[in-house]
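dropping a prediction and its sequence here:
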Amino acid sequence: MRHIIVVGAGAFGGWTALELVRRGARVTLVDAWGPGNTRASSGGRTRVIRATYGSHTIYTAMAARALEIWRDCEATWQADLLHLTGALWMFGEDDEFGRASAAALHAHGIPIEELTASEARRRYPQIDFGGVSSLFLEPQAGYLRARAACAQVVERVEAEGGEYRQAAALAPRISGTPVTSIELSDGSRLNADAFVFACGPWLGSLFPDVVGPLVSATRQEVYYFATPAGDARFQAPSLPVWLDAGERFIYGIPERAARGFKIADDTPGPPIDPTGDERVPTAAGIAAARAFLARRFPDLANAPLLSSEVCQYESTPDSNFILDRHPEAANVWIAGGGSGHGFKMGPVIGQLMASMVLGELAVDPAFALARFASPPIGGWRPKWA
Ligand SMILES: Cc1cc2nc3c(=O)[nH]c(=O)nc-3n(C[C@H](O)[C@H](O)[C@H](O)COP(=O)(O)OP(=O)(O)OC[C@H]3O[C@@H](n4cnc5c(N)ncnc54)[C@H](O)[C@@H]3O)c2cc1C
């Protein structure tokens, strides 16, 4: 039986480990701080799941598959992970992304409900639709309980025969031949036949020559504002997940369990050190979120901030994932570059990685490191990320 070590128990590594266990491998999953820890990109309370991806249909199809798996797992594991509230998409003057998304969703048989402005106002009186030129509802979308899901996946890894260890792995020494072991921070060594590094924003520092700046960690603030007493308008089912693809891409998740109304700006923030930096929100970020609320959700204009999260995107230059073999060690694999949209895809990434590691699937050029050999013109970041 092949022994495979997966380093990193976030969305990418946890699902990879689970899929490898299910395909008969002996798996050891290690994480420095634990699944969905507060430093990890998968560590937030919630993450949006949606198949709306403009013309990047590779992700439309992946998200649809991922949703099926999330649904199955939720039912089989009897766990509270997925909340299908629907997602309300609002587009500004430039609605090219909306039109491309609608076409792609239609082609994939994923329903959307186009809404007129007056219909939207009637359904969602708590939203001011000023500046919105078109909108639609994606009913088969919603949110996932992110860190709870990471913990659940690791529980399943163990329940189905894998091993989980809390340990920090050092970067493997690569010398052109297959790697036989990795060293842990306590000085011990783990031997295996193959190694998957799914270390999110830490990938660049673990593999400075091969990944380095191709995965950049940016600071992303998330706020939870209080809703008025006795007022259910900011909870599902009165409010779905909403995404405002106007000049900036701002989105939110309805209040859940009286923990506040979530709002975040998708624009990449300044660089962050995922290990050492403190996770305190900035006054400027809070003020910007409040200004947005005053415009779009006027009844929350003066809502007190209940709590916040400071997370990080671990983005590649083109916002596409990296799912590839290390170019100098055939049995070392790299999975990451979620670029602000990877969480929902965990179950599919797990399947792809397991197939590649077990030699059943070739690396997809869309996710290969080689694509960065010729840098993209202008370095673009699409709005769907
Ligand atoms: C604010 C925010 C909002 C987002 N919104 C969405 C969304 O709505 N929908 C969506 O699909 N995605 C979203 N994302 C993106 C998504 O959360 C990430 O792409 C995804 O969680 C990345 O998972 P990962 O497993 O690659 O990385 P991580 O979750 O960071 O996992 C890496 C793990 O590796 C461990 N590790 C690192 N180095 C070592 C080492 N040397 N030894 C042992 N362990 C190590 C860490 O402890 C960590 O647990 C969002 C991200 C953020 C920050």
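Perfect, I can see it now.

name the nearest residue to Ile69, ignoring sequence neighbours.
Using CB to CB, 6 or more residues apart in numbering and skipping the chain neighbours, the partner closest in space to Ile69 is Pro347 (3.7 Å). Yep, even glycine has a C-beta here, placed from its N, CA and C like the rest.

how about the residues of the chain by the ligand?
Contacts of the chain with the ligand, taken as CB under 6 Å from any ligand atom, map to 7-13, 30-33, 37, 40-42, 44, 47-48, 168-169, 198-202, 220, 222, 264, 311-313, 336, 338, 340-344.

quick one, helices of this structure?
Here the chain has its helices, by DSSP state H, at 11-22, 57-77, 96-107, 117-123, 146-159, 203-206, 283-296, 346-357.

for the first one, the averaged confidence score.
Read it as helix 11-22. Helix 11-22 shows a mean pLDDT of 98.

find the closest residue to the ligand in the stretch 101-250 of the chain.
Gly200 (2.4 Å; CB to the nearest ligand atom).

so who does that residue touch?
Gly200 makes contact with 8, 10, 12, 40-42, 274, 314, 336, 338, according to CB atoms under 8 Å, 6 or more residues apart in numbering.

run through the bridge partners of the residue nearest to Ala146 when sequence neighbours are not counted.
Spatial nearest neighbour of Ala146, chain neighbours left out: Arg47 (4.5 Å); criterion: CB to CB, 6+ apart. Here Arg47 sits in beta bridges with Leu144, going by DSSP bridges.

just the strands in the stretch 151-300 of the chain please.
Here the stretch 151-300 of the chain has its strands, by DSSP state E, counting those that start in this stretch, at 163-166, 181-183, 189-191, 194-197, 216-225, 241-245, 249-253, 261-265.

can you pull the buried residues of the longest one?
The one in question is strand 216-225. Neighbour counts over strand 216-225 (16 or more other CB atoms under 10 Å) mark 216-225 as buried.

can you list the strands of the stretch 151-300 of the chain in TSV and add mean pLDDT and distance to Arg2?
Putting the strands of the stretch 151-300 of the chain into TSV (pLDDT from 0 to 100; distance: least, CB to CB, whole Å) gives the following:
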stretch	mean pLDDT	distance to Arg2
strand 163-166	97	14
strand 181-183	97	15
strand 189-191	97	12
strand 194-197	98	7
strand 216-225	98	32
strand 241-245	97	40
strand 249-253	98	40
strand 261-265	98	40
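
of all those strands, which one is nearest Gly86?
Taking CB to CB, strand 241-245 is the member of these nearest to Gly86, at 7.0 Å.

neighbours of Phe292, how many?
For Phe292, the count of nearby residues is 19 (other CB atoms under 10 Å).
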